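S.K.: Everything below, folded, please.
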Amino acid sequence: MRWCLFKRDRARFELMTTAAVQNRMLVIGSLAAFCHCGYSGSCRAGQSGVALNLQMDYSLAARFTSASQQARVMTESWAQENLYCVGCDSERLSAAPTNTQVVDFRCERCSAAFQLKSQCAPFGNRITDSGYDAMCRAIREDRYPNLIALQYDRSSWCVRNVILIPSFGFSLASVEKRKPLGPLARRAGWVGCNILLSSIPDDLRLPLVTDSRKTDSDVVREHYRVMSALRSMDVNSRGWLIDVMNVARSINRQEFHLSEMYSRDEHLRRLHPKNFHIHPKIRQQLQKLRDMGLLTFVGEGNYRWNSTAVC
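M.R.: Below is the predicted model:
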């Protein structure tokens, strides 16, 4: 009798539609997926500040068959539920209206705009962005939003790394022109761009999550506050400061000498070909970094970083 009941129940189960089975598995998976950071199911990072749940809701992907669509809906939902504004004390961001160009989220308290870029592979030196001309124009006109770069683990659908680049952290040196699309492409001749992370100093790449470990939101906001001195500068002055800061950080030591900056002047000459007084400009930018509290002039041409970058 028990065997008959088992066969009957098994037959009923097999009659369930594939869609129903998949939907149930998605819900179970979202509750029981194991995060590599040592938590199962709902994975929360950090002990203080704004709590982040690193587990994305996989059940949201049930109605999509495209992997890119699944990732889009899950990452956007995660960002709306977990990300906070770095420019004020708001603990949530609101989704921008559908089809809003460039901007994905806004802070309702301070109106800061945010764009989300996500991928499953670890970020390298490049992040694919929009059209080249539009990107350069947005930087020149100081209209580019804060950029959130999110990397997730596709096997567990957990967030692994999140960095935020403030809207004032971009210079034209950070934009790389891509080759035009071929003649057979739907948008033949269109020219896109990449964001070069190597052209953005670590000081302007604020880590919200690193290897599934959250950076305290108070620390992130304080560093953003210090760096926001760049926001009051005109775009050209800001670009110079970012480029010189990046060269100084490339020396990769806590203390460096002015001559080491001079020895790297060719890079700055390529970025600013119309400037014929590179060395005085370097000294000027180092003084600005000192006034921001990032550098200390030790004496005899020596400078020392007052702290390492947040990351």
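S.K.: Just give the number of residues close to Thr100.
M.R.: For Thr100, the count of nearby residues is 12 (other C-beta atoms under 10 Å). All C-beta spots, glycine's among them, are computed from the backbone N, C-alpha and C.
S.K.: Tell me where the stretch 151-300 of the chain has strands.
M.R.: Ranges of strands within the stretch 151-300 of the chain are 158-165, 175-177, 192-196, 206-210, 213-214, 255-257, 295-299, based on DSSP state E, counting those that start in this stretch.
S.K.: quick one: which of the ones you listed is nearest Ala96?
M.R.: Nearest to Ala96, of all these, is strand 158-165, at 16.6 Å by C-beta to C-beta.
S.K.: and the angle for the closest one with strand 192-196?
M.R.: Compare the direction of strand 158-165 with that of strand 192-196 by axes from the mean of the first three to the mean of the last three C-alpha atoms, to 10 degrees and you get 90 degrees.
S.K.: related to what we said a few turns ago, can I get the strands of the stretch 151-300 of the chain in CSV with mean neighbour count and distance to Gly124?
M.R.: Below are the strands of the stretch 151-300 of the chain laid out as CSV (neighbours: other C-beta atoms under 10 Å; distance: least, C-beta to C-beta, whole Å):
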stretch, mean neighbour count, distance to Gly124
strand 158-165, 23, 12
strand 175-177, 16, 12
strand 192-196, 19, 10
strand 206-210, 21, 16
strand 213-214, 18, 21
strand 255-257, 16, 26
strand 295-299, 13, 29
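S.K.: Save those strands as JSON lines, and put in mean pLDDT and distance to Val226 too.
M.R.: JSON lines is the format used below for those (pLDDT from 0 to 100; distance: least, C-beta to C-beta, whole Å):
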{"stretch": "strand 158-165", "mean pLDDT": "96", "distance to Val226": "14"}
{"stretch": "strand 175-177", "mean pLDDT": "95", "distance to Val226": "25"}
{"stretch": "strand 192-196", "mean pLDDT": "95", "distance to Val226": "23"}
{"stretch": "strand 206-210", "mean pLDDT": "96", "distance to Val226": "11"}
{"stretch": "strand 213-214", "mean pLDDT": "94", "distance to Val226": "20"}
{"stretch": "strand 255-257", "mean pLDDT": "97", "distance to Val226": "20"}
{"stretch": "strand 295-299", "mean pLDDT": "94", "distance to Val226": "12"}
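S.K.: for the ones you listed, which one sits closest to His279?
M.R.: Taking C-beta to C-beta as the measure, the strands of the stretch 151-300 of the chain were each checked against His279, and strand 255-257 came out nearest at 13.4 Å.
S.K.: Can you work out which other helices and strands pack against the closest one?
M.R.: If contacts are counted by 3 or more C-beta pairs under 8 Å, 6 or more residues apart in numbering; DSSP states H and E, strand 255-257 sits against strand 302-305.
S.K.: Check which helices and strands the strand it packs on is in contact with.
M.R.: With contacts defined as 3+ C-beta pairs under 8 Å, 6+ apart, the secondary structure elements packing on strand 302-305 are strand 255-257, strand 295-299.
S.K.: so how far is the first one off the chain centroid?
M.R.: Relative to its parent chain, strand 255-257 has a centroid offset of 29 Å by C-alpha atoms, centre = their mean, to the nearest Å.
S.K.: Same check on the last one?
M.R.: Distance of strand 295-299 from its chain centroid, counting by C-alpha atoms, centre = their mean, is 31 Å.
S.K.: now for that strand, which elements pack on it?
M.R.: Secondary structure elements in contact with strand 295-299, counted by 3+ C-beta pairs under 8 Å, 6+ apart, are helix 278-291, strand 302-305.
S.K.: Flag the shaky bits of the chain, pLDDT-wise.
M.R.: Counting by pLDDT under 70, the chain contains low-confidence ranges at 1-49, 308-311.
S.K.: Show me how the record splits it into domains.
M.R.: Following automatic domain parsing, the chain resolves into domains at 52-231, 233-311.
S.K.: before we move on, the earlier item: redo the helices and strands packed on strand 295-299 as TSV? Include distance to Leu147.
M.R.: Formatted as TSV, the entries for the helices and strands packed on strand 295-299 read as follows, by distance: least, C-beta to C-beta, whole Å:
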stretch	distance to Leu147
helix 278-291	22
strand 302-305	24
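S.K.: Go through these and name the closest to Leu150.
M.R.: Sorting the helices and strands packed on strand 295-299 by C-beta to C-beta, the top spot, which is the nearest, belongs to strand 302-305 at 28.2 Å.
S.K.: Make JSON lines out of the helices and strands packed on strand 302-305 and add distance to Leu196.
M.R.: Below are the helices and strands packed on strand 302-305 laid out as JSON lines (distance: least, C-beta to C-beta, whole Å):
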{"stretch": "strand 255-257", "distance to Leu196": "23"}
{"stretch": "strand 295-299", "distance to Leu196": "24"}
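S.K.: wait, which of the ones you listed is closest to Glu108?
M.R.: With distances scored as C-beta to C-beta, the stretch of these nearest to Glu108 is strand 295-299 (36.2 Å).
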